[in-house]
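Participant: my questions are about this predicted structure, shown below with the sequence.
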Amino acid sequence: MSEEKWLLTLVVFLPTAGALGIALFVRDAGRVRRFAAGVTVADLALATWVFLLYAREPGGFQLAVPYGWIPLLNAHYYLGVDGLSAPLVLLTGLLGMCAAFGSWNIQTRVREYFVWLLLLQTAVMGVFTALDFLLFFLFWEMELMPMYFLISVWGTGRKEYSAMKFLIFTILGSAFMLVALLAVYFSTGTLDMVDLGQRDLTNLKLPAQLVYALFFLAFAIKLPVWPLHTWLPDAHTDAPTAVSVMLAGVLIKMGGYGMIRVLATMFPEVTAQYAGALAVLAVVSVLYGAVVTVRQTDLKRMIAYSSVSHMGYVVLGISSLGAAAGGANALGLNGAAMQMFAHGTITGLLFLLVGQVYDKAHTRHIPHLGGLASRMPFTATVFLVAGLASLGLPSLAGFVAEVMVFLGTFPVWGWPTILAVVGIVLTAGYMLWAIQRVLFGPALERFAHVKDASLVEAVPMVALLLVIVLVGVYPAPLADVFNAGAEQVVLRFGP
Amino acid sequence: MTLRDLYLLSPEMAMAALASLVVLVDLVVPRTRVLATLAGVGLLVPAALSVLLWGEVGGEASGAVTALSGTLVVDEFSLFFKFLVLGIVGLLIPASVDYVGRFLRSPGEFYALVLFSATGMMLLASTTELVSIYISLELTSLPLAVLAAFLRDGRSSEAGLKFLLLSALSSAILLYGMVLVYGVTGSTRLEEIAQEVARVTAGGGPLFQGPVVLVGVALMVAGFGFKVASVPFQMWVPDVYEGAPTPVTAYLSVGSKAAGFAVLLRVFYVALQGEELRADWGGLFAVLSVASMTAGNLMAMLQGNIKRLLAYSTVAHAGYLLVGLAVVAGGGGAGEALLGPSGVLFYLGAYAASNLAAFFAIIVITNQVGSDQISAFAGMARRAPWLAAALALAMVSLIGIPPTAGFMGKLYLFNAAVQNGMAWLALAGVVNSVVSAYYYLRVVRSMYLLPAESDEPVRASAPMVAALAVPVLGVLLLGVLPNLLLEVAQSAVGTIQPPG
């Protein structure tokens, strides 16, 4: 047990150690890349170990040991995972690795770039493992500066505008969260998220609905939920490829994770009360996101908007908790969690592919692209599979998640669910249309020089593809762990 | 006066002696490095004496020893500030070596004046009697006025004169307030004032029926408001900050603010207790607090000069700090009410670290590029990666983003506000912190995103690197392990409760 106690600390801070190592010792750009990649691979190995170590049978929080941190605020250094967070830790490790490999083409200020990227990974890992509210907030905020720099320095297009917009939205959300967090803390005197998840928080110093709304705003901005999503297309479009991968893959999952961990677990009554509103927001996000996606001509922006649509399913799954007393089941919540994982891998992969296309063809404007399949067969094949996964083809990851969401939510919110299914149709429409326009059609003369992905570039693609297929074909190992976490949450909604 | 009194006063006396010694040595060896080394190493004497005193009153033996017929007190609270001032001066001296050597003609006087002013600050933390408070304030301010004019150019002279005049004006106002309070209570000693207030409040006597005490308190608030740079007494701040030599600006922004708050806490918490009176001045501070943070932040947005920007930022931070005094109006219990002052103490430490880090980096950069404009910081991330990182960290800490000392300071202060039922004050603080991100990040943006004007690297000298490393590490350390200072602050405010 002794080494396991330190396992999570290691998972969270190994990237930081790597970043320090790069800042202090590694100078040569090539070495920096290899070193950073090595660190992320090691972190992925550790994250996988965490995932495998997590015992589904007893469930609950594991690998968790609180240490005194700020006694005067009753804050602890308290890391741990449950069924909900263990897979997300794995996802973060996976995408962190992909992001490092996906950054091989970064040429300017290489050291600085990887320092920020690794710090970002620590922040996200920290959010998923922190069980002390203050620590959670600390990690939540820690993600700000790396993202700001990564977008504004290494991005493209209106990068500074996008970075600032991201920053302001997020800071605003964090400010709401801080106020809500303080309200909870002052009313209960504890910051222990496990403890808070078992208490009755209906009588706070502020009305529970207000606290709930503040938390909701913070998480809804991050997820993002319509109409708070406007930062996301900008940030995604202008961020460098690997940062888009991290952003779509894990950063916005922090919003979904927060909704389940904080909103659903700590405020079941309020969640049940407002589940209808959640369902409506979810459906609007799904449909609005999908409709806007159809209209995009920038390939990257298209994927970005599709994220708004797909994250709507996460909210939809959570809204299924609002069933009349006794009817709540874990299916919808499981679906939401699965959707987070599936979307993380699929969209992460799609952004990598868009990066490939842009790197080689030097344009992301869909009408200007075409016939790339003959020039880059490997990339095109992966793109096709990722696109199919995104539209929910059975036997790929997206299908499992979406089916669970729909099955879990339909008994509770009939019409909203039916409307949300329309989103799938739209997804199929824009995805296939885009793939057809970009990859197929006659080979164009101006892309004659385009080469396929190199070995280093192929590594993250293959890794993500494998996971997508694996989860699609045999979801049980993942779903069981998620279920161990989801069941605990559902218990909060009464028998 | 007994030997014992001398012993209790020894840190201040050692400080004044050191200042005089620096002037004397300057006559023989007028070299900056020698004088700076003397001043820096000499600080160890008052520091050691303060440690001795801490052994007597600090920790387990927690208590207070009065000296000179009760006009001075040595307790954890005053020693906290003595160490803070010693720390600030101890960092300022090595950090200013290059600047003094390059721009200022008389290093001996410079260091001597810094030390004299520090003597005043240390005394301020100890005084428990209105007249000695006034004298210590003057001892703090007068050297600062000279220091502000030390560059001897137009702007610097203007800064010195402005500081002198407004400082005199505020002292006069303060004195008038003190006179009124003395006239009503019949004593200048804080403890006796407190007893009188308690007696009258208990008996419902006639003394407080009229507005005299309230006017006196309001005038004292105004007088101290100048010293801590709170709205609406902040108008001297931008011009003085801009015109004064940068090390002096740094000193002003952290040293005189800390001393000002030390005496504010002492006067208001010890002397002016009593339910009704407390609600009055607490409410007044709450209004000043919100006004300061809002006005400071809004004005800072418009600044293109980094020293002016930090000047308005210091006004905003005075606002955050005043939250710690305003919370008494909330009517929480005694335990909760003490969260305010301990929050102020911690925040002062955090603010000193952040602001010193910022100013030290600014000193190096502006010396090299020869301009105080934020636009001149363009591309510093490449010309001086470590300096830029230090300055960026300081800015992040001033915004209050974790994991920095600034975040913990704000968290703890706002915690005090909410615990005392003044959640709206905390909310105002949080909203203001978000707003402030805009202008602090402009500095970061300039350094990291804009192209450099030249590729020439900017280098800091060895003493500067050492001086800069301490506050930078402090910002991070307090951001991750705030307990180190929080516990000390918590224990230090135990001795400023009203008697009985």
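Facilitator: Great, that's in hand. Residues are numbered from 1 along each chain as shown, chains lettered A, B, ... in the order given.
Participant: run a quick neighbour tally on the residue in the stretch 251-400 of chain A positioned nearest to chain B.
Facilitator: Closest to chain B within the stretch 251-400 of chain A is residue A:254: 15.3 Å, counting by C-beta to the nearest C-beta. All C-beta atoms are positioned from the backbone trio N, CA, C, and that covers glycine. Neighbours of residue A:254 under the rule other C-beta atoms under 10 Å in any protein chain shown: 25.
Participant: name the helices or strands packed onto the host helix or strand of it?
Facilitator: Element membership for residue A:254 (DSSP states H and E) is helix A:253-258. Using 3 or more C-beta pairs under 8 Å, 6 or more residues apart in numbering or on different chains; DSSP states H and E, the elements in contact with helix A:253-258 are helix A:85-101, helix A:110-129, helix A:208-222, helix A:299-319, helix A:330-361.
Participant: enumerate every residue touching the residue of the stretch 251-400 of chain A closest to chain B.
Facilitator: Taking C-beta atoms under 8 Å, 6 or more residues apart in numbering or on different chains, we find residue A:254 in contact with A:124, A:127, A:128, A:140, A:143, A:219, A:222.
Participant: the residues you listed: which two are farthest apart?
Facilitator: A:124 and A:219 (14.7 Å; C-beta to C-beta).
Participant: one step back: what would the helices and strands packed on helix A:253-258 look like in CSV with distance to chain B, mean pLDDT and mean neighbour count?
Facilitator: Shown next, in CSV, are these (distance: least, C-beta to the nearest C-beta, whole Å; pLDDT from 0 to 100; neighbours: other C-beta atoms under 10 Å in any protein chain shown):
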stretch, distance to chain B, mean pLDDT, mean neighbour count
helix A:85-101, 19, 91, 28
helix A:110-129, 8, 91, 26
helix A:208-222, 10, 89, 23
helix A:299-319, 21, 89, 28
helix A:330-361, 22, 89, 27
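Participant: show the contacting residues for residue 391.
Facilitator: Just going to use chain A. Residues in contact with residue A:391 (C-beta under 8 Å, 6+ apart) are A:398, A:424, A:427, A:428, A:431, A:432.
Participant: please go with chain B instead
Facilitator: B:357, B:358, B:361, B:362, B:365, B:377, B:380, B:443, B:444, B:447.
Participant: most neighbours among those residues, which one?
Facilitator: In the contacts of residue B:391, the most neighbours by other C-beta under 10 Å go to residue B:361, 32 neighbours.
Participant: just checking, that residue touches residue B:468?
Facilitator: Yes: applying C-beta atoms under 8 Å, one finds residue B:361 in contact with residue B:468, separated by 6.5 Å.
Participant: give the residues shared as contacts by these two.
Facilitator: Common contacts of residue B:361 and residue B:468 (C-beta under 8 Å, 6+ apart): B:387, B:390.
Participant: what residues does the residue lying closest to residue A:94 once chain neighbours are set aside make contact with?
Facilitator: Once flanking residues are discounted, residue A:94 sits nearest to residue A:44: 6.0 Å by C-beta to C-beta, 6 or more residues apart in numbering or on different chains. When the contact criterion is C-beta under 8 Å, 6+ apart, the partners of residue A:44 are A:93, A:94, A:96, A:97.
Participant: state the helix or strand in which residue A:44 lies.
Facilitator: Using DSSP H and E, residue A:44 falls in helix A:29-53.
Participant: so for that helix, mean pLDDT?
Facilitator: The average of the pLDDT scores along helix A:29-53 is 89.
Participant: what angle do helix A:85-101 and that helix make with each other?
Facilitator: Here the directions of helix A:29-53 and helix A:85-101 differ by 160 degrees (axes from the mean of the first three to the mean of the last three C-alpha atoms, to 10 degrees).
Participant: so after helix A:29-53, what's the next helix or strand?
Facilitator: strand A:62-70.
Participant: that older thread, and the angle for the helix holding residue A:44 with strand A:62-70?
Facilitator: Going by the same axes, to 10 degrees, helix A:29-53 makes 110 degrees with strand A:62-70.
Participant: just the buried positions in helix A:29-53, please.
Facilitator: Buried residues in helix A:29-53, defined by neighbour count with 16 or more other C-beta atoms under 10 Å in any protein chain shown: A:29, A:32-33, A:35-37, A:39-44, A:46-47, A:49-51.
Participant: likewise stretch B:38-51?
Facilitator: B:38, B:39, B:40, B:42, B:43, B:45, B:46, B:47, B:49, B:50.
Participant: which residues touch the residue lying closest to the third one once chain neighbours are set aside?
Facilitator: Distances taken as C-beta to C-beta, 6+ apart place residue B:93 nearest to residue B:40, at 4.5 Å, with adjacent residues excluded. For residue B:93, the residues meeting the contact criterion (C-beta under 8 Å, 6+ apart) are B:36, B:39, B:40, B:43, B:111, B:114.
Participant: so the second one sits against residue B:115, correct?
Facilitator: In this case it means residue B:39. Yes: the pair residue B:39 and residue B:115 qualifies as a contact (C-beta under 8 Å) at a distance of 6.3 Å.
Participant: can you pull the phi/psi pair for residue A:77?
Facilitator: Per-residue torsions, residue A:77: phi -90, psi 100 (degrees, to the nearest 10).
Participant: that one and residue A:227, how far apart?
Facilitator: Going from residue A:77 to residue A:227 by C-beta to C-beta, to the nearest Å gives 37 Å.
Participant: neighbour count winner among these two?
Facilitator: A count of neighbours by other C-beta under 10 Å puts residue A:77 above the other of residue A:77 and residue A:227, at 18 against 11.
Participant: so that one sits right up against residue A:65, yeah?
Facilitator: No: at 9.0 Å, residue A:77 and residue A:65 do not qualify as touching, with contact defined as C-beta under 8 Å.
Participant: what's the neighbour count on residue 18?
Facilitator: In the absence of a named chain, chain A is used. Residue A:18: 27 neighbours (other C-beta under 10 Å).
Participant: oops, I was thinking of chain B
Facilitator: Neighbours of residue B:18 (other C-beta under 10 Å): 23.
Participant: what's opposite residue A:65 in the beta bridge?
Facilitator: Counting by DSSP bridges, residue A:65 is bridged to residue A:79.
Participant: identify the residues contacting the residue of the stretch 351-500 of chain B found nearest chain A.
Facilitator: Per C-beta to the nearest C-beta, residue B:402 is where the stretch 351-500 of chain B lies closest to chain A, at 4.3 Å. Applying C-beta under 8 Å, 6+ apart to residue B:402 gives the contacts A:137, A:138, A:141, A:142, B:408, B:479.
Participant: quick check: phi and psi on the second one?
Facilitator: Right, residue A:138. phi -60, psi -50.
Participant: pLDDT wise, what is the closest residue to it other than its chain neighbours at?
Facilitator: The shortest distance from residue A:138 to any non-neighbouring residue, by C-beta to C-beta, 6+ apart, is to residue B:402 (4.3 Å). Per-residue confidence at residue B:402 stands at 80 (pLDDT).
Participant: where does chain A have its least confident helix or strand?
Facilitator: The helix or strand of chain A with the lowest confidence, counting by mean pLDDT, DSSP states H and E, is helix A:2-5 at a mean of 61.
Participant: report pLDDT for the residue of the stretch 251-400 of chain A closest to chain B.
Facilitator: 92.
Participant: what segments of chain B are strands?
Facilitator: B:65-67, B:72-74 (DSSP state E).
Participant: which SS state does the closest residue to residue A:232 other than its chain neighbours fall under?
Facilitator: Once flanking residues are discounted, residue A:232 sits nearest to residue A:224: 5.1 Å by C-beta to C-beta, 6+ apart. In three-state terms, and counting by DSSP: H, G, I helix; E, B strand; the rest coil, residue A:224 is coil.
Participant: list the contacts for residue A:224?
Facilitator: Taking C-beta under 8 Å, 6+ apart, one finds A:231, A:232, A:252, A:255, A:308, A:311 in contact with residue A:224.
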